[in-house]
Structure formats: structure tokens, C-alpha cells
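S.K.: Got a sequence here, can you model it:
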Amino acid sequence: MQFELTLSWTFIQGFKGVGIDFTPYREMSNQYDYHQDQLPKSVVCHCTLRGEPLPVKMTVFSTMPWARIQFEVDDPALGKEIREKLLIYSTEDKNGTIFKSWNTRQITNGILARHGLTMEGIQRRQGVMSHQCIEELMRHYDETESMFRRDISWLFNRDVVPKAEQPMMAKWLVAHLAQKRNWSDGSHIVEQLYNELVGPEIADDLIRLLSDRNCKARDGCLFDVFVKTKDRRVLDVALSVLDDDALAQRALATIGRRKAKQHVERVRKFLNHSKPEIRREAKKTMKALGFPVETPPSPVHLVKNRRLLPKGLEEWSANLDMEDLEPTLRALSKSVESGFGSREISEVAAVVEEMEHEQTKAFRFPIVAQGKETELWLVIFMDDVDSPDLAIHSSPELIKKLEKLLPDKE
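M.R.: Residues are numbered from 1 along each chain as shown. Purely as a prediction, here's the structure:
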């Protein structure tokens, strides 16, 4: 039996569902993703739906943005079963999200082609959109289901949209934000504004959204977009939303960056906030204003070159939320007889609070554990602003003891 399907990248999951080993296709696809002119190519995969592996020949005509594949199966009944299972990943299923996504992409490509543009070119920031092209894409966006609109909005980048058109586009996107029923529906708009189209022209619109407690798109990321407008009212808006937990962290950071010392007492109230991330931001803001809450120990155990980490040490590692860092370090301290106590924990915590996203810091502590002198190394990578990756390196005995105290290793 022979049949052809156009499938989304998620069709690999479908292969698993029909017992097909997709490894040969994946290897071929990785090789030809950016060399579509060298297709078609054929590979043989095996399906285990009937028990023993049976060959399925796949002739691939394209791999991106959609995989167009011809299947050949000796057993017609098996071929029919495979086709039915894969159909949900296919553009032929007109009731499914895959078809709708594919159809959206087809319409988009048609609009771009009429105006001498391509998605690949726009991705490389090549070409200029005419006013007519922009209007057609905007209508297409308006007529498209919300869940597929991101596939259109990313095209509006500052290198392709003429500068004179950017304020109009930005205001149009902000107007869409005001209509969103939940945050996730508008996240692609916030992302596009922040990265590509933010400007002073949308400051008033953003203030209205940030001031509207019923606005579903209102969050810290939207506040970041407003900050990028460089509007002189940023501090006033930050003060007005301090009592909103969704915006308090960004608002406190704004007060700190602007050295607004006259508001130090308002900031001080947040040192006892119920949310740890807001408490930490309040401490950082107090320090930025020249009123540090406490003087942390000097980071005397920081190591500039973490490559000096000795060989032979065992490792325990985990991805933590910021509030879990100190409890983890306290559990570690209980496993150490000397060299890593409250002062050292405070030293590490103070450094981590100041770390930026994707920054790495390493500490070296001479300790005594299980009656033996050894070294304890902590390597911390700030995976996210509130999500440090912690790696603990020490003697095998200490790591074994720590694993019993903290079994949920990630």
C-alpha cells in the first residue's frame, strides 16, 4: 500500500504511537533540513504494530516547514492502520489543529509571495514590507484563531517593517492586548512589542492597560515593555502598582534603578512580604537606595576559575526555586562538621541574590566531614532569575550522606 501525508514536526510523536522507529528519518531530516533542493530521499523505518518489525519505506519530499512524506507498506491492512493513526498529525485532517496551523501558514506564504517576500527572508531580516502587505497580514491576523496568531506576529520585525509604519503596528498590537481573555493569548504580542516594536507612541496605551486591574494581559512582562518606552512617567506608574503582587517585583526594581530615595519607607514594607521573590527584590532595592538591610559576609570563598575544581569529587545537583536554596544549603551544613555553617550560607545567599540570568559562580570551602579534611565546592548557574541550578561537589562519603537527606535529585 502506498499513501502520502503532509505532517507537522510533531508527527514523530505519532510514529511512537504506531510503533515506528523514527531514528532513520530523524537522521535524514537533520541532514536535509536546510537543503530541500537535494530531496526527495528515501529511508526505511520499521513498525512493530504486529509484533515483529516490519519495513516501512518513507520517501521524503520536504522536511520543513512541513514534512511531505510518501509511505510504502507491503501489508495493506497495516498501511491503512498506520495512515489512520498518523492522520491526526496531518494537514488532511481539516478539523484538527495541524490542518488549521498549516492553512494559516499557507495563507501567510501567499501574502508574502505577492509582495516579493518569504518567511525565510524575513527570518534573516531581509526585505521591506509595503503598506499593502502589512494591511493584508493584519487582516489575516484578525481573521485567524488566537492560538495560531503567533505564526503571523513574528513577521513584524523592526528591520522589515518600515520605521514610519512601526508606531501604527505597535498601537494595533496593544489594542489586541486589551481584548485578551487570558495572559497566554497575548504573550506573543508582549514578546513582539518588547523585542521589535516598542516606542514612545504606545506609552499612553500601556499606562491604561497597566492601570486596569481587570486587564488579563497585565503582568511584569508588560511593565517591562512600558519601561522600554523610556517614558518619564515610569516611576509614577511603578508606585501606582506596588500593591499588586503581579507587578510589585518589577515596580520595586524600577524604584531602585531610579534611586528614588524619597520612597524608601514604601519599599521597606515589602521586606516582610509573603512572597520570597518580592522580599528579595525589596532587599535589593533598599541596597540600591543606599539603605542596605544587612551587611552580608564578604564573598571570600568565591573562586574565579571553576576549572580548578579537583578531580575525584562526587557531585549532587538540582534545579531549585530561589526559596529552596537556603534550606538545601542548611541540609548540607548538617552533613558537615566544620567549615560550612550559617556564615558561609549567608555568604552564598548574598552572592546569588545579586546574580544575573545565565551567570555562573563557584565557591570553594575547606571543610571537615566524617572526621576527614576535604573540599566542598558549590557551582551555581542562574538558569532563570528565580531558578538557580546548584551543583555540590565533595567527597563521595559526604555526597552519599547528602543524597539521603535530599533524595529528590534532578
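
S.K.: Select the longest helix from this protein.
M.R.: Assignment by DSSP state H gives helix 97-114 as the longest helix of the chain.

S.K.: Tell me the helix or strand right after that one.
M.R.: Moving toward the C-terminus from helix 97-114, the first helix or strand encountered (DSSP states H and E) is helix 119-123.

S.K.: Show the subsequent helix or strand relative to that next one.
M.R.: Trace forward from helix 119-123 with DSSP H and E and the next one is helix 131-143.

S.K.: Okay, angle between that next one and helix 97-114 too, please.
M.R.: Put simply, helix 131-143 runs at 170 degrees to helix 97-114, going by axes from the mean of the first three to the mean of the last three Cα atoms, to 10 degrees.

S.K.: packing partners for helix 131-143?
M.R.: helix 97-114, helix 150-153, helix 166-177 (3 or more Cβ pairs under 8 Å, 6 or more residues apart in numbering; DSSP states H and E). Every residue, glycine included, has its C-beta placed from N, CA and C.

S.K.: Mind checking these for the one nearest to Q123?
M.R.: With respect to Q123, and counting by Cβ to Cβ, the nearest of those is helix 97-114 at 11.4 Å.

S.K.: same for the closest one, what does it pack against?
M.R.: In terms of contacts (3+ Cβ pairs under 8 Å, 6+ apart), helix 97-114 is packed against helix 119-123, helix 131-143, helix 150-153.

S.K.: Mean neighbour count, the ones you listed: which tops it?
M.R.: Each of the helices and strands packed on helix 97-114 was given a mean neighbour count from mean count of other Cβ atoms under 10 Å, and the largest, a mean of 18, is that of helix 150-153.

S.K.: Using PDB, write down the CA coordinates of the longest strand along the chain.
M.R.: Looking only at the chain and at elements set by DSSP state E, the strand with the highest residue count is strand 372-384. What follows is the C-alpha trace of strand 372-384 in PDB, where atoms were taken according to Å, rounded to 0.1, in the frame of the first residue of the first chain:
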ATOM      1  CA  LYS A 372      38.300  14.000  57.400                       C
ATOM      2  CA  GLU A 373      39.600  17.200  55.800                       C
ATOM      3  CA  THR A 374      38.200  17.700  52.300                       C
ATOM      4  CA  GLU A 375      36.900  20.300  50.000                       C
ATOM      5  CA  LEU A 376      33.400  21.400  49.300                       C
ATOM      6  CA  TRP A 377      32.700  23.200  46.000                       C
ATOM      7  CA  LEU A 378      29.400  24.900  45.100                       C
ATOM      8  CA  VAL A 379      28.800  25.800  41.500                       C
ATOM      9  CA  ILE A 380      25.600  27.900  40.900                       C
ATOM     10  CA  PHE A 381      24.200  28.700  37.400                       C
ATOM     11  CA  MET A 382      21.300  31.100  37.300                       C
ATOM     12  CA  ASP A 383      19.100  29.300  34.900                       C
ATOM     13  CA  ASP A 384      16.400  31.900  35.500                       C
END
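
S.K.: That strand packs against which elements?
M.R.: Counting by 3+ Cβ pairs under 8 Å, 6+ apart, the packing neighbours recorded for strand 372-384 are helix 342-353, strand 360-369, strand 387-394, helix 396-405.

S.K.: got the contact list for the residue nearest to L222 when sequence neighbours are not counted?
M.R.: Among residues not flanking L222 along the chain, V190 sits closest, at 5.5 Å (Cβ to Cβ, 6 or more residues apart in numbering). Contacts were defined as Cβ atoms under 8 Å, 6 or more residues apart in numbering; by that measure V190 touches L177, A217, C221, L222, V225.

S.K.: Out of those residues, which sit inside helices?
M.R.: Reading helices off the contacts of V190 with DSSP H, I get L177, C221, L222, V225.

S.K.: can I get those in JSON lines with distance to V128?
M.R.: Formatted as JSON lines, the entries for the ones in helices among the contacts of V190 read as follows, by distance: Cβ to Cβ, whole Å:
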{"residue": "L177", "distance to V128": "26"}
{"residue": "C221", "distance to V128": "29"}
{"residue": "L222", "distance to V128": "29"}
{"residue": "V225", "distance to V128": "25"}
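
S.K.: re the thing from before, which stretch in the helices and strands packed on helix 131-143 is the model least sure about?
M.R.: Among the helices and strands packed on helix 131-143, helix 97-114 carries the lowest mean pLDDT, at a mean of 86.

S.K.: starting at the chain centroid, how far to that one?
M.R.: 25 Å (Cα atoms, centre = their mean, to the nearest Å).

S.K.: okay, how far is it across stretch 381-396, tip to tip?
M.R.: End-to-end distance for stretch 381-396, by Cα to Cα, to the nearest Å: 22 Å.

S.K.: any idea of the mean pLDDT in stretch 41-55?
M.R.: The predicted model gives stretch 41-55 an average pLDDT of 89.

S.K.: For that stretch, C-alpha coordinates in PDB please.
M.R.: Listed next in PDB are the C-alpha coordinates belonging to stretch 41-55 (Å, rounded to 0.1, in the frame of the first residue of the first chain):
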ATOM      1  CA  LYS A  41      15.300  10.900  -0.300                       C
ATOM      2  CA  SER A  42      14.100   7.600   0.900                       C
ATOM      3  CA  VAL A  43      14.700   5.800   4.200                       C
ATOM      4  CA  VAL A  44      13.400   2.500   5.600                       C
ATOM      5  CA  CYS A  45      12.000   2.500   9.200                       C
ATOM      6  CA  HIS A  46      10.400  -0.400  11.000                       C
ATOM      7  CA  CYS A  47       6.900  -0.800  12.600                       C
ATOM      8  CA  THR A  48       6.200  -3.200  15.400                       C
ATOM      9  CA  LEU A  49       2.400  -2.900  15.500                       C
ATOM     10  CA  ARG A  50       2.100  -6.500  14.500                       C
ATOM     11  CA  GLY A  51       4.900  -7.800  16.800                       C
ATOM     12  CA  GLU A  52       7.900  -8.400  14.700                       C
ATOM     13  CA  PRO A  53       9.400  -5.300  13.000                       C
ATOM     14  CA  LEU A  54       8.000  -4.800   9.500                       C
ATOM     15  CA  PRO A  55       9.700  -2.400   7.000                       C
END
